[in-house]
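Enquirer: Everything below, folded, please.
(chains A and B)
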There are 2 protein chains.
Amino acid sequence: MLDRIANILQQECNLLTSDLLVVGVSGGPDSLCLLHLLNSLGYQLVAAHMNHKLRLEADSEAMFVERFTGELGIRFIGTEQNVQSYATEHSFSIEEAARWVRYQFLFEQAEKEGAAAVLVAHNADDQVETILMHLLRGSGLAGLAGMAYQTLPNAWSDSIPLLRPLLSMRRNEIMQYLSANNIVPAFDPSNLDVTYFRNRLRHELLPVLESYNPQIRQNLLRQSHILRDDYSALQALVDEAWRSSLISQETGYLAFHRAGFVGLPVAIQRFFLRRAVGCLLPGLIDVGFDCIERGRQFLHEDRSSGRVNLYSGLWLVCEREVVWLTFSPADLPISNFPALTPGEIITLGIPSLVELNDGWILMVEIPADAGIAINQSAVNIDPYQAWLDVTALPEPLLLRSRKPGDRLQPMGMNGHSIKLSDLMINLKLPPRARKTWPLVCSGDQVLWVPGYRQSGTAAVTPGSKSLVHLTLFRDFPA
Amino acid sequence: MLDRIANILQQECNLLTSDLLVVGVSGGPDSLCLLHLLNSLGYQLVAAHMNHKLRLEADSEAMFVERFTGELGIRFIGTEQNVQSYATEHSFSIEEAARWVRYQFLFEQAEKEGAAAVLVAHNADDQVETILMHLLRGSGLAGLAGMAYQTLPNAWSDSIPLLRPLLSMRRNEIMQYLSANNIVPAFDPSNLDVTYFRNRLRHELLPVLESYNPQIRQNLLRQSHILRDDYSALQALVDEAWRSSLISQETGYLAFHRAGFVGLPVAIQRFFLRRAVGCLLPGLIDVGFDCIERGRQFLHEDRSSGRVNLYSGLWLVCEREVVWLTFSPADLPISNFPALTPGEIITLGIPSLVELNDGWILMVEIPADAGIAINQSAVNIDPYQAWLDVTALPEPLLLRSRKPGDRLQPMGMNGHSIKLSDLMINLKLPPRARKTWPLVCSGDQVLWVPGYRQSGTAAVTPGSKSLVHLTLFRDFPA
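Expert: Numbering: from 1, shown residues only, chains lettered A, B, ... in the order given. Just a heads-up that it's a prediction; the model follows:
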């Protein structure tokens, strides 16, 4: 058993014998076995115990663990936490709350000690039961793959891994190891008040399944092993998609390219959305399939903007080709829109280059050849480019944001003019962006709403002589 | 229900209403429902029924199906097959044999009729039971994903798909549809002698699982839907690996690049090997995990050649960078080795270009600068290149295959000579290739075994004046 574990610690957990490890120790057989094994293999250890104050024996168990580690010469760190009040406060079940504060404590200690990893003692039987619980919930590949030897549980740390080296050891192997080493655990886990559901599973469902296939446990473990590798191969695709589609990730929101997302295989879209939600809601919460599918469907609809409530308080906001995931759509940064500061008016030199916010640039050029420019203008389908005939302009070209009463005579609408505010609504220009959106004007006349529409006023005609070519583009920082 | 099915036939099965379809009809509720639905939706149908002659009622059921289709104006094709003898002959179980000959019949009819697809009537309850059976066997992602709406079962056809449009319809929905349309099936499937195992699963295990989660069936179906998409995303990676690593695929063998395989993610390696085995053993046979892992381990070992028995009679043969999967290693084509025809002797012009078999080319060059060539020779690590000092050669350079008594004095072994046949064994030159392997000689003296060793005779020294540069390479056809 020592050899098997030594191998797993190296191969699956990537540990060096010189590493300092924080080990979660309850005093039950699994964690004592793990601690004893690690100690025999020469690792530097810190044994961390949390007294949840849930059972009468809790205090004596804490003392037992302290004494046990002392005898092995292992450093002990103990703490107490009233889980009951934490559960009430965060509307967790007692079990969820205990788990949450325990891991928080373990990772805090690991950070403080500069440890290489946090280790816990889940065994092969725990693994089988976990997989079955996930199966009964229908939780997909990640759930059916069960727990991993190594994970990075970003709810508690973004650099220290959580390791479970006993995952392939059966409960009875652990008991044998303990008795061979004269170790008597603080408590018998079969007497423990594990949840009713898990207890029924262990003592009732597993024997039923074994009557169908006596190898069911080994089969589920082997399957978990295979599925974990399948899951890894898919996650590599998600990593790739994440790298190429994520625009920004900040506290409270993240943004990604819609086109990149929509082009992914369906399975990768689901994992991508789960990862995105996980970034904003780290920890215990597992969003449901319906929620993910609602998000996917929303992003596939043909729209320039809109929003959908993905999960209590979490919104998916679509703004043209950019998708935001956020708790607070009103607080999204405007950095991805071109914007002027309120009241700003910029007179446009011809030619000139005007740097706006966040890499947005307005370029004003004089076309080298009027004939070619007239042709280009006639077939232009890019709303971020415009050609103007500046011959008859009453006032110099300027860049400003909208004013009350602004109107536009959209090109091709026979001089019919509409209110700019209505146009912005109709064109679904994101509400947050309307007030500061740059407009190319001549005095009061709005000539071009970059990215949207050009006015018929100053539009190029076959006879135009004095032309200007305008381009609004974003020079993304590398 | 008609709308749901119409939608599935379009979206999931990619059918056009004008398509001609062969439908497998047993006379039970599922297949009658499917036939009636398809007929109502206006598809062109051929109803195909196989009388397995296994039950007393089999003949009357065949007559019933013929009458039913006749009343709907659907063409009927019936056949009889004694499954019992087929099973004995192929050592199949009765159930496997019945399934095999039934699908063979359905696809034969489809080929003959030029049909767009073969349709069968598995329903959502069949799906749940199938998934559970796979789970109890621990069969991995493909098994847990269950049956698909659309598959290409290459055992029976390489172009006609097998469709299962009723996969999301519950058994009771089907019964309701039948009674609403006054259709009385030929038999009650609950009285059918389905296998003992499936019966226990349906009547015993599923109710137990429902006591843990009343939604278990819906959850397993939803999970199957998700896992199927996960599976597709992985299969796209396998397709990619297959395209880039497969060298050739013929009856009885296939070949792929070892380096390409070893570089794949573990999960994709497994699917790749399964697909390779599936090409040689199409149909029912599902190779076990151990067999796949044995193959993977073999391919990861550091070796230039060798073989391993993957599955009864099926060998994985490694020859340097090429891996063969074959039933008969002795019969592998030699096209990937350089080879001379028996007895062939080619006098080598200096310079010259000699075309051998299958794109292999021996190039004989005079180096432009003797000094540079001497340096290159001194640091050469490519066994497919050699530099010779031809000043003192007794006879012209020639290319021939080995003769009895051939010996070589390997460079760097102080003139010690060994038998060429022993050298070939020691260097693990593939046995099939030894007899025809091209050797660069001068009369009886072997100077170079391309790809392996150069002789100390005629080796370049710092004072060499008259040099020849030899390269053996393969000009792969595009």
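
Enquirer: A:Asp290 belongs to a strand?
Expert: No - counting by DSSP: H, G, I helix; E, B strand; the rest coil, A:Asp290 is not part of a strand but helix.

Enquirer: which residue does the stretch 301-450 of chain A bring closest to chain B?
Expert: A:Glu301 (16.6 Å; C-beta to the nearest C-beta). C-beta: built from backbone N, CA, C; applies to glycine.

Enquirer: per-residue confidence for that residue?
Expert: With respect to pLDDT, A:Glu301 scores 87.

Enquirer: same check, this time on A:Leu227
Expert: In this model, A:Leu227 carries a pLDDT of 95.

Enquirer: Same check on A:Gln150?
Expert: 92.

Enquirer: so it touches A:Leu15, yeah?
Expert: No - A:Gln150 lies out of contact with A:Leu15 (C-beta atoms under 8 Å); the separation is 9.6 Å.

Enquirer: residue ranges of the strands in the stretch 151-300 of chain A, please?
Expert: A:162-163, A:246-250, A:253-257 (DSSP state E, counting those that start in this stretch).

Enquirer: Mean pLDDT lowest where, among these?
Expert: strand A:246-250 (a mean of 85).

Enquirer: show me what contacts the closest residue to A:Pro383 other than its chain neighbours?
Expert: Leaving aside its sequence neighbours, A:Pro383 sits nearest to A:Gly451 (C-beta to C-beta, 6 or more residues apart in numbering or on different chains; 5.2 Å). Listed by C-beta atoms under 8 Å, 6 or more residues apart in numbering or on different chains, the contact set of A:Gly451 reads A:338, A:383-384, A:429, A:472.

Enquirer: A:Tyr43 too?
Expert: So A:Tyr43 contacts A:9, A:15, A:17, A:19-21 (C-beta under 8 Å, 6+ apart).

Enquirer: let's see 7 Å
Expert: A:17, A:19, A:21 (C-beta atoms under 7 Å, 6 or more residues apart in numbering or on different chains).

Enquirer: how near is the second one to B:Val440?
Expert: Just to be clear, that refers to A:Asp19. 55 Å (C-beta to C-beta, to the nearest Å).

Enquirer: Looking at the two, which is more packed in?
Expert: Per other C-beta atoms under 10 Å in any protein chain shown, whichever of A:Asp19 and B:Val440 has more neighbours is B:Val440, with 25 against 15.

Enquirer: Tell me if I'm right that the more buried one and B:Tyr452 touch.
Expert: No - look at B:Val440 against B:Tyr452 with C-beta atoms under 7 Å: they stay out of range, at 11.5 Å.

Enquirer: Which residues does stretch A:380-400 contact?
Expert: A:340, A:345-348, A:350, A:354, A:362, A:373, A:376-377, A:438-443, A:447-448, A:450-452, A:454, A:458-461, A:464-473.

Enquirer: filter those residues to the buried ones?
Expert: A:340, A:348, A:354, A:362, A:373, A:376-377, A:438-442, A:447-448, A:450-452, A:454, A:458-460, A:464, A:467-470, A:472 (16 or more other C-beta atoms under 10 Å in any protein chain shown).

Enquirer: Now intersect these with the helices, please.
Expert: If you go by DSSP state H, the buried ones among the contacts of stretch A:380-400 have A:373, A:376-377 in helices.

Enquirer: pLDDT added to those, as JSON lines?
Expert: Formatted as JSON lines, those follow (pLDDT from 0 to 100):
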{"residue": "A:Ala373", "pLDDT": "89"}
{"residue": "A:Gln376", "pLDDT": "87"}
{"residue": "A:Ser377", "pLDDT": "88"}
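
Enquirer: show me which of these neighbour chain B.
Expert: Among those, no residue sits close to chain B (C-beta under 7 Å from any C-beta of the partner chain).

Enquirer: helix, strand or coil for A:Val23?
Expert: Per three-state DSSP, A:Val23 ends up strand.

Enquirer: Show me what it is bridged to.
Expert: A:Ala47, A:Leu119 (DSSP bridges).

Enquirer: one step back: among the strands of the stretch 151-300 of chain A, show me which one is buried the most.
Expert: strand A:162-163 (a mean of 24; mean count of other C-beta atoms under 10 Å in any protein chain shown).

Enquirer: what's the angle from the helix ranked longest in chain A to helix B:216-245?
Expert: As assigned by DSSP H, the longest helix anywhere in chain A is helix A:216-245. Inter-element angle recorded for helix A:216-245 and helix B:216-245: 60 degrees (by axes from the mean of the first three to the mean of the last three C-alpha atoms, to 10 degrees).

Enquirer: Mind listing what's buried along helix A:216-245?
Expert: A:216-217, A:219-231, A:233-235, A:237-238, A:241-242, A:245.

Enquirer: burial measure for A:Asp3, as a count.
Expert: 8.

Enquirer: so which helix or strand takes in it?
Expert: helix A:2-11 (DSSP states H and E).

Enquirer: Now do that helix, average pLDDT.
Expert: Across helix A:2-11, the average pLDDT comes to 91.

Enquirer: Counting by contacts, list what it packs against.
Expert: With contacts taken as 3 or more C-beta pairs under 7 Å, 6 or more residues apart in numbering or on different chains; DSSP states H and E, helix A:2-11 sits against helix A:29-40.

Enquirer: buried stuff in the helix it packs on?
Expert: A:29-39.

Enquirer: Please identify which of those is nearest to B:His203.
Expert: Nearest to B:His203, judged by C-beta to C-beta, of those is A:Asp30 at 37.7 Å.

Enquirer: Make sure the closest one is actually in contact with A:Asp125.
Expert: No - between A:Asp30 and A:Asp125 there is no contact under C-beta under 7 Å: 9.5 Å.

Enquirer: Just put the strands of the stretch 151-300 of chain A in CSV and tack on distance to chain B.
Expert: Converted to CSV, those look like this (distance: least, C-beta to the nearest C-beta, whole Å):
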stretch, distance to chain B
strand A:162-163, 20
strand A:246-250, 19
strand A:253-257, 18
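
Enquirer: now those in TSV, with distance to A:Ala145?
Expert: Output for these, formatted as TSV (distance: least, C-beta to C-beta, whole Å):
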stretch	distance to A:Ala145
strand A:162-163	15
strand A:246-250	25
strand A:253-257	26
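
Enquirer: Please name the nearest non-neighbouring residue to the residue in the stretch 51-200 of chain A that chain B sits nearest to.
Expert: Per C-beta to the nearest C-beta, A:Gly138 is where the stretch 51-200 of chain A lies closest to chain B, at 2.8 Å. Setting aside the residues directly before and after it, A:Gly138 is nearest to B:Asn219 in space (C-beta to C-beta, 6+ apart), at 2.8 Å.

Enquirer: how far away is that neighbour from B:His90?
Expert: Counting by C-beta to C-beta - B:Asn219 and B:His90 are separated by 38 Å.

Enquirer: again, but for A:Ala378
Expert: Distance from A:Ala378 to B:His90, by C-beta to C-beta: 73 Å.

Enquirer: what does A:Asp302 give?
Expert: For A:Asp302 relative to B:His90 (C-beta to C-beta), the value is 54 Å.

Enquirer: ok so, going back, and for the residue of the stretch 301-450 of chain A closest to chain B, the neighbour number?
Expert: A:Glu301: 9 neighbours (other C-beta under 10 Å).

Enquirer: which non-adjacent residue is nearest A:Arg307?
Expert: Nearest non-adjacent residue to A:Arg307 (C-beta to C-beta, 6+ apart): A:Val317, at 4.4 Å.

Enquirer: and the one you found, what does it touch?
Expert: Neighbours of A:Val317 in contact, by C-beta under 7 Å, 6+ apart: A:307, A:324, A:326, A:329, A:332.

Enquirer: tell me which parts of the stretch 101-250 of chain A are close to chain B?
Expert: Checking the stretch 101-250 of chain A against chain B by C-beta under 7 Å from any C-beta, the hits are A:136-138, A:140-141, A:144, A:205, A:208-209, A:212-213, A:216, A:219-220, A:222-223, A:226-227, A:229-230, A:232-234, A:236-237.

Enquirer: what about 6 Å?
Expert: Residues of the stretch 101-250 of chain A found near chain B (C-beta under 6 Å from any C-beta of the partner chain) are A:136, A:138, A:140-141, A:208, A:212-213, A:219, A:222-223, A:226, A:229-230, A:233.

Enquirer: Understood, closing this out.
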